[in-house]
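Enquirer: return a 3D structure for these sequence lines:
(one chain, ligands or ions: 1)
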Amino acid sequence: MVDGYLPKSFEEALKILNENDVTIYAGGTDLMVRHKNATALLPKFNKDLLYVGDLAELKEIKESKDSLEIGAACTLSSLLRIKEIPEVLKESIRQIASPAIRNMGTIGGNICNASPAGDTLPILYALDAKLKLISQNSSREVHIEDFILGPRKIILEKTEILKSIIIPKAEFNKTYYEKVGARKASAISKLSFIGLAEIKDEKVKDIRIAIGSVASKVVRIRVAEDFIIEKNLEAIKLELEEILNIYSREIVPIDDQRSTAVYRKTVALRLIQYFLNTDI
Ligand SMILES: Cc1cc2nc3c(=O)[nH]c(=O)nc-3n(C[C@H](O)[C@H](O)[C@H](O)COP(=O)(O)OP(=O)(O)OC[C@H]3O[C@@H](n4cnc5c(N)ncnc54)[C@H](O)[C@@H]3O)c2cc1C
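Expert: Below is the predicted model:
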């Protein structure tokens, strides 16, 4: 039997975290599945639980000139109703699970769960998101790429909480998102792809490509992006093979119940090729 903490304020939550060994939960949609028990029995937890899903400080959306800050406990559904949320993030959220799960599940939970198939992750990598981690005695901001070490492995300390996600503003005039699943709705990704680019006078000024479920972490390769930036579209077509080779080295998927490594790699490389070669 475990206890549950229901803090009334963010400060109280941080104090509880500082003084106790607890598991944080928000929507519980990952946690309850991970700790599920035999049929008709309650989930089995080995630590007391700290519920953060109703804390006002974790539900705020703040916009500044340069960035958008999203509270970690904002539910996926609620983000769909907010005008300022980047359309590409909304597009990925619309394809997560079902409305019932999106009403409970939070963006912070999707990040901290650190599943290679987490659907907001490639988008947040591509948008250069930073995460605000707070404890009673400290505060730090880390890039999402440095936060996630591998499947279910994150750098969050026991006393820390993910408070918010900071997305720097950027302009893109070419965007392409594709979630490849067994069906259109309620499917966990076989893989997911996001391409964002800013093209001006036939030249690539900015490009970000991120792919989920094709390695232990989201694949985003800066050397490949640097290789493409400032090239014109014709040059990219001529050097496509070289670009695909760079990605190919980092795309190392696995076989699992949802797909095969060969399928994932083939589709990932074709999506990169499609994004780079097509006027979307
Ligand atoms: C039927 C079903 C279908 C699903 N389909 C998809 C899908 O298509 N795509 C997809 O990406 N996901 C899917 N999921 C997974 C899940 O719904 C999402 O990952 C969701 O965003 C998790 O959010 P949560 O608030 O429920 O997380 P929780 O279960 O509450 O927590 C998840 C993890 O994050 C930690 N955590 C949560 N909030 C914080 C915080 N603020 N600070 C620090 N740690 C925190 C918890 O300790 C836990 O380790 C599905 C789940 C189910 C049950």
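Enquirer: mind listing what the residue nearest to I243 when sequence neighbours are not counted touches?
Expert: Nearest non-adjacent residue to I243, counting by Cβ to Cβ, 6 or more residues apart in numbering: A224, 6.0 Å away. For every residue, glycine as well, the C-beta is placed using N, CA and C. Taking Cβ atoms under 8 Å, 6 or more residues apart in numbering, we find A224 in contact with 209, 243, 246-247.
Enquirer: include distance to the ligand, pLDDT and neighbour count when you put those residues into JSON lines, please.
Expert: Output for those, formatted as JSON lines (distance: Cβ to the nearest ligand atom, whole Å; pLDDT from 0 to 100; neighbours: other Cβ atoms under 10 Å):
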{"residue": "I209", "distance to the ligand": "19", "pLDDT": "98", "neighbour count": "26"}
{"residue": "I243", "distance to the ligand": "28", "pLDDT": "96", "neighbour count": "22"}
{"residue": "I246", "distance to the ligand": "27", "pLDDT": "96", "neighbour count": "15"}
{"residue": "Y247", "distance to the ligand": "22", "pLDDT": "97", "neighbour count": "19"}
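Enquirer: can you put those in CSV and add secondary structure?
Expert: Formatted as CSV, these follow (DSSP: H, G, I helix; E, B strand; the rest coil):
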residue, secondary structure
I209, strand
I243, helix
I246, helix
Y247, helix
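Enquirer: taking those residues together, which two end up most distant?
Expert: I209 and I246 (10.6 Å; Cβ to Cβ).
Enquirer: joint contacts of these two?
Expert: If you check I209 and I246 against Cβ under 8 Å, 6+ apart, the residues they both contact are 221, 224.
Enquirer: can you name the residues bridging to I194?
Expert: Residues in a beta bridge with I194, per DSSP bridges, are Y177, A210.
Enquirer: quick check: it touching V219?
Expert: No. Counting by Cβ atoms under 8 Å, I194 stays clear of V219, with 11.0 Å between them.
Enquirer: can you list residues touching both of those two?
Expert: Both I194 and V219 are contacted by 210-211, under the criterion Cβ under 8 Å, 6+ apart.
Enquirer: so between the two, which is more surrounded?
Expert: I194 (29 against 24; other Cβ atoms under 10 Å).
Enquirer: and the pLDDT for the more buried one?
Expert: I194 carries a pLDDT score of 98 in this model.
Enquirer: now do the one 5 residues further on
Expert: Looking at I199, its pLDDT reads 96.
Enquirer: mind listing what it touches?
Expert: I199 is in contact with 173-174, 205, 233, counting by Cβ under 8 Å, 6+ apart.
Enquirer: is it true that A126 touches I211?
Expert: No. In this structure A126 lies outside contact range of I211 using Cβ under 8 Å: 9.7 Å.
Enquirer: the closest residue to the ligand within the stretch 101-250 of the chain: neighbour count?
Expert: Nearest to the ligand in the stretch 101-250 of the chain, going by Cβ to the nearest ligand atom, is G109, at a distance of 2.1 Å. Neighbour count of G109, defined by other Cβ under 10 Å: 26.
Enquirer: leaving aside the residues next to it on the chain, what's closest to it?
Expert: Per Cβ to Cβ, 6+ apart, closest to G109 is A26, 4.8 Å.
Enquirer: where's that neighbour relative to the ligand, distance?
Expert: 3 Å (Cβ to the nearest ligand atom, to the nearest Å).
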